[in-house]
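**Student:** with the input below, show me the fold.
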Amino acid sequence: MRRRYVAGRLRAAIRRRPSPRVAIIGAGFGGLAAAVALRRRGIDDLLIIERCDGVGGTWRLNTYPGAACDIQSHLYSFSFAPKRNWSRTYARQPEILAYLESVADDFDLRRHLLSGTAVRSARWNAEASQWDLDLETLSTGGSFTYSADVVVSAVGLFGEPKLPDIDGVTDFGGSIMHTSRWDANVDLAGRRVAVIGTGASAVQVVPEIAKIATEVTVFQRTPPWMVPKDDRAFTDDQLGRFRRNPWAARRERWRLWKEQHDNTALRADDPLVAGRQGIAEEFLRRTVADDGLRAALTPDYPFRCKRVLLGGDYYAALQQDNVSLVTEPIDKITEAGVCTAQSAIDVDAIVLATGFQTNHYLSGIEVIGTDGQSLHERWGEDPSAYLGVAVSGFPNFLMLYGPNTNQGGNSIVYILEAGARMVADAVGRLGRRGGTLEVRPEAERRFNDEISAELEQTVWTQCGSYFRSPGGRIVTQWPYNELEYARRTWRLRTGDWIHRTDPQRPSGQVPMILPASSRARS
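**Tutor:** Just a heads-up that it's a prediction; the model follows:
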């Protein structure tokens, strides 16, 4: 009887345990997904910390002309928040931002939002078993601290611009801007514009600049593989069908997901890779008439080794009379323009379409775990994590879109929802039992050894790209399909984690560490 009484008191104490205080860094797709998943678990003590003045993440930052998604609209949205009135097959930046704003409103997330605030550091306080965050209000420069039981990083891959290492870039006398920091006050109409880079933002912005600029010079280091993009407005009949029948939009999402899943090919010897490369080659032949230009636009690496881009507007723009392509390496930038070894090209403005520092996870945020270890020093140039979610030695610290979670063939929103479900599972466990949770070092090591071996079999090893760290390791990509990530993150594999619990025990009692052998794998 006494044992049942004590057990009952203990269960009651656990039920009365206050909800963990959770700090979410970032209010883009990942941060919103995490907040919704946590709220659904009954965890309401949330603070979403965002540098910008509102939600949206990369879709609030990237406002350059032509900014759009290369995943179809109905698939590039949350499964729990379908949008039935997307205007186009591939949504553009304003519509995607408006969608994320509506998610924040519909799920009552704004009351958790602290915008215009940067996280400068997060330090683990072992004595209090919590994270102490140093925050800065960007409008005033004022600083303050905030303590949380759990930190969820949802800063993503595409937050920190990558600036080119070119001599004289600070000497340029005209306007210069990165696509992710677009200055709408700079008028490019009637001006001579240089675009440096030929990645995803370049192929979208070049056609728009070409419509208004006197001259556009595109500086190419490596051409991308491109395939057609069925970008069109939905008809009134289609919109009416989506509006009248909620299942119509869900069926469209399922169709698109299945199409992407069936066409995912990650290995160099997969026949799908050769087949898709044939489509890209035919698209280039059909779209670009000039033999010399076509040769310059033909990649010398396998299809899908780098990010494949969509659309024919870029190819069409390069064939306009006011647009030229330069394939010679840039030697330097002067006050007047851009110089190669062969020529000097005077321009009025420079647009840097040079991408992001994708291997610098959590750039600008100092993260200090147990025993004072720095996460950035631990990582060096080769960041890694267990399922992209956790790093040993950093208890109660979880990530979305962490190392090796970039999806190779389907929508990243699917991956973010899967990661958010795992984060909510972990935080829910802490809410029930208290204490701290961190991945076992051996589980983290085993996982990364496995995916490193698998990544060596993929097409991404056939060239250099932003998928790789300076050390050569592929640090961004997930080597399996999206279903495998969803399977592995469906719930915590408890044997891979250390849960140190202290469910309101008498002071002085040693916290319990549950060994892997005593806990069943889920």
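
**Student:** alpha carbons only: can I get stretch 160-178 in PDB?
**Tutor:** C-alpha atoms of stretch 160-178 as PDB (Å, rounded to 0.1, in the frame of the first residue of the first chain):
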ATOM      1  CA  GLU A 160      24.300  34.200 -43.900                       C
ATOM      2  CA  PRO A 161      25.300  35.600 -47.300                       C
ATOM      3  CA  LYS A 162      28.500  34.300 -48.900                       C
ATOM      4  CA  LEU A 163      30.500  37.300 -50.100                       C
ATOM      5  CA  PRO A 164      33.000  36.600 -52.900                       C
ATOM      6  CA  ASP A 165      36.700  36.600 -52.200                       C
ATOM      7  CA  ILE A 166      37.600  39.100 -54.900                       C
ATOM      8  CA  ASP A 167      40.200  41.800 -54.600                       C
ATOM      9  CA  GLY A 168      38.900  45.300 -54.500                       C
ATOM     10  CA  VAL A 169      35.300  44.400 -53.800                       C
ATOM     11  CA  THR A 170      35.100  47.300 -51.200                       C
ATOM     12  CA  ASP A 171      36.600  49.700 -53.700                       C
ATOM     13  CA  PHE A 172      33.600  49.800 -56.100                       C
ATOM     14  CA  GLY A 173      32.200  53.300 -56.500                       C
ATOM     15  CA  GLY A 174      28.700  52.300 -57.500                       C
ATOM     16  CA  SER A 175      25.900  50.400 -55.800                       C
ATOM     17  CA  ILE A 176      26.700  46.800 -54.700                       C
ATOM     18  CA  MET A 177      24.300  44.400 -53.000                       C
ATOM     19  CA  HIS A 178      23.800  40.700 -52.300                       C
END
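
**Student:** which parts of that stretch are buried?
**Tutor:** 160-162, 164, 166, 169, 172, 174-176, 178 (16 or more other Cβ atoms under 10 Å). Every C-beta, even on glycine, is put in place using the N, C-alpha and C of the backbone.

**Student:** wait, doesn't S452 sit right on V475?
**Tutor:** No. In this structure, S452 is not within contact of V475 by Cβ atoms under 8 Å, at 10.1 Å.

**Student:** tell me which of those two has more neighbours.
**Tutor:** V475 (26 against 15; other Cβ atoms under 10 Å).

**Student:** wait, isn't the more buried one in contact with G380?
**Tutor:** No. V475 lies out of contact with G380 (Cβ under 8 Å); the separation is 10.9 Å.

**Student:** which positions within stretch 104-119 qualify as buried?
**Tutor:** So stretch 104-119, judged by 16+ other Cβ under 10 Å, has buried residues 104, 107, 109, 112-113, 115-119.

**Student:** can you get me the start-to-end distance on it?
**Tutor:** 21 Å (Cα to Cα, to the nearest Å).

**Student:** got a list of contacts for it?
**Tutor:** 24-25, 27, 32, 35-36, 39, 46-55, 81, 103, 133-139, 364-365 (Cβ atoms under 8 Å, 6 or more residues apart in numbering).

**Student:** give me the subset of the residues you listed that lies in strands.
**Tutor:** 24-25, 46-49, 133-137 (DSSP state E).

**Student:** biggest separation within these, which pair?
**Tutor:** L46 and E136 (20.1 Å; Cβ to Cβ).

**Student:** who's more crowded, the two?
**Tutor:** L46 (24 against 16).

**Student:** beta partners of the more buried one?
**Tutor:** For L46, the beta-bridge partners under DSSP bridges are V22.

**Student:** who's in contact with it?
**Tutor:** L46 touches 22-24, 35, 38-39, 112, counting by Cβ under 8 Å, 6+ apart.

**Student:** can I get those residues in a markdown table with pLDDT and distance to A336?
**Tutor:** Listed next are these as a markdown table, based on pLDDT from 0 to 100; distance: Cβ to Cβ, whole Å:
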| residue | pLDDT | distance to A336 |
| --- | --- | --- |
| V22 | 98 | 52 |
| A23 | 98 | 48 |
| I24 | 98 | 46 |
| A35 | 98 | 49 |
| L38 | 98 | 54 |
| R39 | 97 | 55 |
| H112 | 98 | 50 |
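
**Student:** between those residues, which is nearest G464?
**Tutor:** I24 (33.8 Å).

**Student:** the closest one: neighbour count?
**Tutor:** That count, for I24 with other Cβ under 10 Å as the rule, works out to 31.

**Student:** give the contact list for G54.
**Tutor:** 27, 60, 101, 113, 115.

**Student:** of those, which belong to strands?
**Tutor:** Reading strands off the contacts of G54 with DSSP E, I get L113.

**Student:** of the contacts of G54, closest to W225?
**Tutor:** R60 (29.1 Å).

**Student:** surely T334 is in contact with A344?
**Tutor:** Yes. Contact criterion Cβ under 8 Å: T334 and A344 qualify, at 7.3 Å.

**Student:** of the two, who's got more company?
**Tutor:** Using other Cβ under 10 Å, the more surrounded residue of T334 and A344 is T334, with 15 against 12.

**Student:** distance check, that one against I415.
**Tutor:** Per Cβ to Cβ, to the nearest Å, T334 is found 43 Å from I415.

**Student:** what of R250?
**Tutor:** Taking Cβ to Cβ, one finds R250 at 19 Å from I415.

**Student:** those two: which has the busier surroundings?
**Tutor:** A direct count of neighbours by other Cβ under 10 Å for R250 and I415 places I415 higher, at 24 against 15.

**Student:** tell me which element that one is part of?
**Tutor:** helix 412-433 (DSSP states H and E).

**Student:** the next helix or strand after that helix - contacts with which helices or strands?
**Tutor:** Helices and strands here follow DSSP H and E; after helix 412-433, the next one along the chain is strand 436-439. Applying 3 or more Cβ pairs under 8 Å, 6 or more residues apart in numbering; DSSP states H and E, we find strand 436-439 packed against helix 412-433, strand 497-501.

**Student:** surely R446 forms part of a strand?
**Tutor:** No. Assessed with DSSP: H, G, I helix; E, B strand; the rest coil, R446 is helix; it does not lie in a strand.

**Student:** so which of the contacts of G54 are in helices?
**Tutor:** 60, 101 (DSSP state H).

**Student:** pLDDT and distance to G419 added to the contacts of G54, as JSON lines?
**Tutor:** JSON lines is the format used below for these (pLDDT from 0 to 100; distance: Cβ to Cβ, whole Å):
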{"residue": "A27", "pLDDT": "98", "distance to G419": "16"}
{"residue": "R60", "pLDDT": "96", "distance to G419": "21"}
{"residue": "E101", "pLDDT": "98", "distance to G419": "22"}
{"residue": "L113", "pLDDT": "98", "distance to G419": "20"}
{"residue": "S115", "pLDDT": "98", "distance to G419": "23"}
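
**Student:** of the contacts of G54, closest to D183?
**Tutor:** For these, the nearest to D183 is R60 (15.1 Å; Cβ to Cβ).

**Student:** touching, the closest one and R51? I think so.
**Tutor:** No. With contact defined as Cβ under 8 Å, R60 does not count as touching R51 (9.6 Å).
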